[in-house]
Structures are given as structure tokens and as C-alpha cells.
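J.: Show me how the following folds:
(one chain, ligands or ions: 4)
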Amino acid sequence: MIMGTTHKVARTHRMNKIPITLALTLILLAVSGTALAQENMTILRSPAFDRHQRPPVPFVHDMHNAMAEIDDCAVCHHVYEDGVLMEYETSEDQPCSDCHPVDPQDGELGLMRAFHKRCITCHDRVDKGPLTCGGCHVKK
Ligand code: HEC
Ligand code: HEC
Ligand code: HEC
Ligand code: HEC
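T.: Ligands and ions are numbered 1, 2, ... in the order given. Here you go, the predicted model:
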């Protein structure tokens, strides 16, 4: 159900019908408690790391994605089946650490690398957003 709504939001974005997008967002928030959790997200600090070497990463989830114009949740919350990326499926109800272990075995993509690869690859490609350690792991 969340997915269907999300797709409608994505389409209206392209048509620039902002009031409709807002209405759909409100419906999405109303029907989904998880959407509220993501709405409140302002930093990334995965509890899966039992010890953090670096400061948390400021990441205002919804604002970041709106500013970066990312419509498709699966850009970050993806689903694979037998090694194949499933185009219309999302895993936003799962933390990255559900599938990317802190201590990867051979061939596995570990949690830190999964975060870094996702975030840094795009910033580098579009030439926007931080690329340096301190640019993301901001000291207070
Ligand atoms: C640019 C990457 C990115 C995009 C795009 C993105 N998210 Fe997320 N989202 C994250 C990250 C990173 C987390 C934290 C995951 C973790 O803790 O392991 C997260 C967490 C969440 C959570 C859990 C919130 C919590 O407090 O635990 C929800 C729900 C969520 N996202 C929904 C969505 C939905 C719905 C969309 C599409 C409208 C979306 N996300 C798009 C990166 C993204
Ligand atoms: C439901 C399981 C699952 C979840 C949840 C998940 N991943 Fe993945 N991810 C995979 C699988 C499977 C692969 C492909 C095999 C591999 O490389 O480990 C993959 C590959 C990747 C890749 C390399 C391919 C690419 O797309 O560039 C990155 C980066 C990545 N994941 C980041 C993340 C991040 C960041 C999150 C959380 C926002 C996340 N993943 C959540 C299962 C998952
Ligand atoms: C698909 C592309 C893409 C992905 C994936 C992505 N970003 Fe970004 N990010 C952007 C763009 C584009 C901007 C610049 C937005 C603007 O200012 O217009 C940005 C800006 C930022 C900024 C500075 C502005 C702000 O929102 O504070 C931070 C911090 C940031 N990204 C963190 C992250 C983190 C952490 C991740 C991984 C969880 C991530 N980004 C994943 C595209 C992306
Ligand atoms: C585009 C943003 C981004 C950049 C650039 C970046 N990181 Fe990260 N890093 C993250 C995110 C997001 C996480 C996962 C959030 C968390 O739990 O701290 C993470 C996690 C980590 C972790 C594991 C958690 C911890 O605190 O021990 C380490 C270590 C780390 N990064 C080091 C670095 C170093 C060193 C650099 C520079 C070479 C760097 N990062 C650059 C976003 C970034």
C-alpha cells in the first residue's frame, strides 16, 4: 500500500502538481506510522555498529531526498532476489544492517561500505553533497 502511494507521489512530482503531492504526502503520513519515523530522522547512526569511530552523519531524510529530487525509495531501500535487483520493490521497513553485516564474510558487502558506496557514489556522480569524511561525519 505504501508503495502504491509512493508511486503516485513520484508521478505528480514530474507534473509539478505540488498541492496534489502535498495532499498525497499527508495521506501517506496518515496511513503509515513508519512514514512518521522517517519524517523525524535527522541523523544516521546505525546501532548495528557496537562502537562508533566517527561522529554521526546529519541526514534529514525527507528534506535530503526532496532537495536531491530522488523520487524512488528503492534508490536506497532496494530488494534483491537471487542477486537480481527487483525494480518495483522496496525495503524501507528494514535497516541496512538487516542485510549488510558489520563484519562481512568474503564477498559480502559490509555495512560501512554499503553506506559509503550508496551515498558517496551519487554525490560524486552529480557533483553535489559532501564527499569528505568530515563533510558527512560532522564534528560538533
Ligand atoms: C538517499 C537514500 C534514501 C532514500 C532515497 C530514501 N531513504 Fe529511507 N532511509 C535511508 C537511510 C540511510 C535510512 C536509515 C537506514 C538504517 O538505519 O539502516 C532510512 C530509513 C528509513 C525508514 C526507517 C526510519 C526509522 O526511523 O527507522 C523509513 C520508514 C524510510 N527510510 C522510508 C523511506 C521512503 C518511504 C522513501 C521513499 C519515499 C525513502 N525512505 C527514501 C535512506 C534513504
Ligand atoms: C533486504 C536486504 C537489503 C537491505 C535492507 C539493503 N540491502 Fe543493499 N544490497 C542487498 C543485496 C542482496 C545486495 C547485492 C549483493 C551484495 O553486493 O551484497 C545489495 C547491494 C548493495 C550495494 C551495492 C550495489 C549498489 O546498489 O550500488 C549498496 C551500495 C547497498 N546495497 C547499500 C545499501 C544501503 C545503504 C541500505 C540501507 C538504506 C541497503 N543497502 C539495504 C540487500 C539489501
Ligand atoms: C541519488 C543521489 C544521492 C544519494 C544516493 C545520496 N545523496 Fe546526499 N545529496 C544528493 C544531492 C543531489 C545533494 C545536494 C542537494 C542540494 O543541496 O540541492 C545531496 C546533499 C547531501 C548533504 C548536504 C545537504 C543536506 O541535506 O544536509 C548531505 C549531508 C548528504 N547529501 C548526505 C547523504 C547521505 C548520508 C547519503 C547516504 C545515506 C546520501 N546523501 C545519499 C544526492 C544523493
Ligand atoms: C557521503 C557521506 C559520507 C562520507 C563522505 C563518509 N562517510 Fe563514513 N559513514 C557515512 C554513513 C551514513 C555511515 C553510517 C552511519 C553511522 O552509523 O555512523 C558511515 C559510517 C562510517 C563508519 C562506521 C561507523 C563508525 O562510526 O565507526 C566509519 C568508521 C566511517 N564511516 C568512516 C569514514 C571515513 C574515514 C570517511 C572518509 C574517508 C568517511 N566515513 C566518509 C557517511 C559518510
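J.: Now do the contacts for the residue nearest in space to the middle of the chain.
T.: What sits nearest the mean C-alpha location of the chain, by CA atoms, centre = their mean, is Cys76, with 4.4 Å. Cys76 makes contacts with Ile70, Arg118, as judged by CB atoms under 8 Å, 6 or more residues apart in numbering. Heads up, the C-betas are built off the backbone N, CA and C, glycines and all.
J.: Check the gap between it and Asp106 for me.
T.: 25 Å (CB to CB, to the nearest Å).
J.: ditto for Asp62
T.: Applying CB to CB to Asp62 and Asp106 gives a distance of 37 Å.
J.: Same question for Pro95.
T.: 23 Å.
J.: now Glu39
T.: 38 Å.
J.: before we move on, what about Ile70?
T.: Applying CB to CB, the value for Ile70 to Asp106 is 32 Å.
J.: Same check on Glu92?
T.: 29 Å.
J.: In terms of packing, which of the two has more residues around it?
T.: Glu92 (18 against 4; other CB atoms under 10 Å).
J.: Quick check: the more buried one touching Ala37?
T.: No. Glu92 is beyond contact range of Ala37, at 9.8 Å (criterion: CB atoms under 8 Å).
J.: anything in stretch 67-81 sitting right up against ligand 2?
T.: Yes. Under the criterion of CB under 6 Å from any ligand atom, ligand 2 is reached by stretch 67-81 at Cys76, His77, His78, Val79, Tyr80.
J.: quick one: which of the residues you listed is nearest to ligand 3?
T.: Nearest to ligand 3 out of the residues of stretch 67-81 next to ligand 2 is Cys76 (CB to the nearest ligand atom; 5.9 Å).
J.: Mind pulling up the pLDDT for the closest one?
T.: For Cys76, the model assigns a pLDDT of 98.
J.: Please tell me how far the residue located most distally from the centre of the chain sits from Asp50.
T.: If you look at how far each residue of the chain sits from its centre, by CA atoms, centre = their mean, the farthest one is Asp106, at 25.4 Å. Computed as CB to CB, the Asp106 to Asp50 distance reads 22 Å.
J.: And for His100, the neighbour number?
T.: With other CB under 10 Å as criterion, His100 counts 20.
J.: Pass me the low-pLDDT residue ranges in the chain, would you?
T.: 1-36 (pLDDT under 70).
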